[in-house]
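*Asks:* Output the structure for:
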Amino acid sequence: MGLFKPNVGRLEEKGDIKGLINALKQSEVGSDAAGALARIGKPAIERLIQALKDKNSRVRQYAAESLGEIGDARAFESLIQALKDEDVLVEMYAAGALARIRKPAIERLIQALKDKNSRVRQYAAESLGEIGDARAFESLIQALKDEDVLVRRNAAKSLGEIGDARAFESLIQALKDEDVLVRRNAAKSLGEIGDARAVEFLIRALKDEEDCVRINAVDSLGVIGDARAATAVLQALKDSGSQVRKSAAAVLIKIVDAQAVEPLIKALQRYDIGDYAAQALRRIGKPAVEPLIKAWKSGDSLVRAYAAEIVLDIGDERAVEQLQDEDSEREAKRLIEALKDDNPWSPVRREAIRGLASIGSPAVGPLLEALKDGSPEWVNPLDVVPEGAEPPTPRSLVATALGEIGSKRAIEPLTNALTDMNRAVREAAKRALEKIKAKQS
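*Replies:* As a prediction, this is how the structure comes out:
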C-alpha cells in the first residue's frame with residue numbers, strides 16, 4: 001500500500017466515498033482526502049461516522065475533521081463518543097468538529113459536562129466556550145467546581161468566551177483555585193467580561209506567585225482601563241517577571257479611559273515608565289489636554305517636556321496655541337531678565353531685544369509689566385559711554401523691544417513713559433512710538 005498513491009481528485013470526481021475513506025490512511029494524501037469528503041458532504045456522513053471506529057487512528061482523526069466541516073447533527077453522538085478515543089488527536093478533532101457544528105450541539109454538549117468520563121467533560125467545556133452560547137452558562141459555572149483540573153481550566157476559559165457578567169462571583173472564587181492555570185484563565189475571563197468590580201480582585205492577583213496569572217491580571221486590568229486599573233498597571237511595570245513588565249507596557253498604551261489621565265500624568269515624571277504613560281495619554285486624546293496643560297505649567301522639566309509634546313501630537317489647535325503662547329511668555333520673562341545685565345552695552349542685552357522682537361505678541365504682556373517696574377536703574381559710572389549717547393537701562397531696553405514688536409497695546413504705556421524721570425527711558429519710549437506709528441501707517 002505504501003507504493004500506491006490514490007488520485008484523490010479523480011476519486012472525488014467519481015464520488016467514490018469508499019476510496020476516499022481508504023485514502024485517509026495515507027499521510028501523503030490523507031488531508032486532501034478529508035477535504036474531498038467534506039466537499040462531497042452529506043452523502044459521506046454515514047461512512048465517516050463508521051470511520052470514527054476505524055482501527056487506524058489517522059482515519060479516525062480525518063473522519064472527525066470532515067464531519068466537523070460538513071456540520072450535520074447526525075454526527076453528534078458519534079463525535080461525543082470520539083471524545084473518549086485513546087488517541088488524543090482524535091479527541092481534539094472530535095471536539096473541534098462539535099464546536100463547528102455549534103448551536104445544534106449545545107444541548108448535547110451541556111449533557112456531556114456531566115459525563116462520567118473526565119475527558120469528555122474536558123472537551124465539552126472547551127467546545128461550549130468556542131460556540132459561545134449563553135445557554136451553557138449555568139453548567140459551566142458548575143464545571144468550575146469539577147474534581148478534574150482540566151475541566152475547571154476549560155470552564156474558566158469558556159465563561160470568558162461566553163462573556164456573561166453573571167459569572168463574576170464564580171470567577172472571583174476561581175482566582176483562588178489551587179491550580180495555576182485555573183487562576184490564569186479566571187483572570188483573563190474577568191477581563192473579557194469587563195465588570196469594573198473585578199479591578200480590586202485583579203489587583204490582588206498581581207501578587208500571585210505565578211507569572212502567567214499576573215500577566216493575565218494585567219491584561220484584564222487594561223481591558224477594564226479605569227483609573228484604579230491604570231495605577232495598578234503602572235505599578236506592574238516594576239514586576240519581577242520580565243514578561244509581566246512587557247505585558248504591562250503593552251497594556252498601558254491601550255488605556256483610553258479619561259479617569260486614567262491623572263495617574264498617567266504623575267507617571268510622566270518617572271524616567272522608567274514615562275514613555276509608556278505618554279503613549280497612553282496620546283490615545284486618550286482630547287480629555288487629557290487640559291490636565292496636561294495644567295501639568296505643563298506646574299510640573300518639573302521632564303513633565304513639561306512630555307506634556308508639550310503630547311499636546312502637540314494630540315493636535316488640539318486651541319490648546320497648542322495656548323501652550324505656545326504660554327511658552328513664549330516664559331521665554332519672554334527669561335529674556336527680560338537678560339536686559340538687566342550689569343554691563344549696559346552688553347551684547348546679551350542686544351540679543352535679548354532681538355529675541356523679544358522675534359517672540360512678538362506673546363512677549364508684549366511681560367514687557368509692559370517690566371516697563372512699570374519702579375526699582376532704581378543704576379548706571380555703572382566706570383562704564384565707557386560713547387560720546388553723545390545715553391547709557392541704556394533695563395526699562396529703556398524694554399521700551400526699545402516694544403517698539404521692535406510694534407503692538408498697539410504698547411502705545412498708551414509708552415506715551416506715559418515720555419514723562420519718565422529716567423532720560424534713557426523717555427528717549428527709548430519716543431523712538432518706540434515713532435516705530436509703532438510708522439508700522440501702522
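
*Asks:* CA only for contacts and neighbour counts going forward, please
*Replies:* Noted.

*Asks:* Now do stretch 71-84: distance to the chain's middle.
*Replies:* 42 Å (C-alpha atoms, centre = their mean, to the nearest Å).

*Asks:* I meant to write stretch 96-104 there.
*Replies:* Its chain's C-alpha centre and that of stretch 96-104 lie 34 Å apart, by C-alpha atoms, centre = their mean.

*Asks:* Check stretch 128-141 too.
*Replies:* For stretch 128-141, the distance to the chain centre is 29 Å (C-alpha atoms, centre = their mean).

*Asks:* got the CA positions of it in CSV?
*Replies:* C-alpha atoms of stretch 128-141 as CSV (Å, rounded to 0.1, in the frame of the first residue of the first chain):
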residue,chain,number,x,y,z
LEU,A,128,-19.0,25.2,24.7
GLY,A,129,-16.7,28.2,25.0
GLU,A,130,-15.8,28.1,21.3
ILE,A,131,-19.5,28.1,20.5
GLY,A,132,-20.2,30.9,23.0
ASP,A,133,-23.9,30.3,23.6
ALA,A,134,-25.2,31.6,26.9
ARG,A,135,-27.3,28.5,27.4
ALA,A,136,-24.2,26.8,28.7
PHE,A,137,-23.6,29.4,31.4
GLU,A,138,-25.1,27.5,34.4
SER,A,139,-23.5,24.2,33.5
LEU,A,140,-20.1,25.8,33.1
ILE,A,141,-20.4,27.5,36.5
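
*Asks:* In contact with the residue nearest to residue 193 when sequence neighbours are not counted, which residues?
*Replies:* Distances taken as C-alpha to C-alpha, 6 or more residues apart in numbering put residue 163 closest to residue 193, at 4.8 Å, once the chain neighbours are dropped. By C-alpha atoms under 8 Å, 6 or more residues apart in numbering, the residues touching residue 163 are 189, 192-193.

*Asks:* Which residue ranges make up each domain of the protein?
*Replies:* Domain assignment for the chain, taken from automatic domain parsing, gives 1-101, 211-315, 334-379+389-440.

*Asks:* so how many other residues sit close to residue 5?
*Replies:* Per other C-alpha atoms under 10 Å, the neighbour tally for residue 5 reads 11.

*Asks:* now swap in residue 184 and tell me
*Replies:* 26.

*Asks:* So residue 192 sits against residue 159, correct?
*Replies:* No - using C-alpha atoms under 8 Å, residue 192 is not in contact with residue 159; the gap is 9.0 Å.

*Asks:* now stretch 432-441: mean pLDDT?
*Replies:* Averaged over stretch 432-441, pLDDT sits at 86.

*Asks:* Only the buried residues of stretch 98-111, if you could.
*Replies:* 98-103, 105-106, 109-110 (16 or more other C-alpha atoms under 10 Å).
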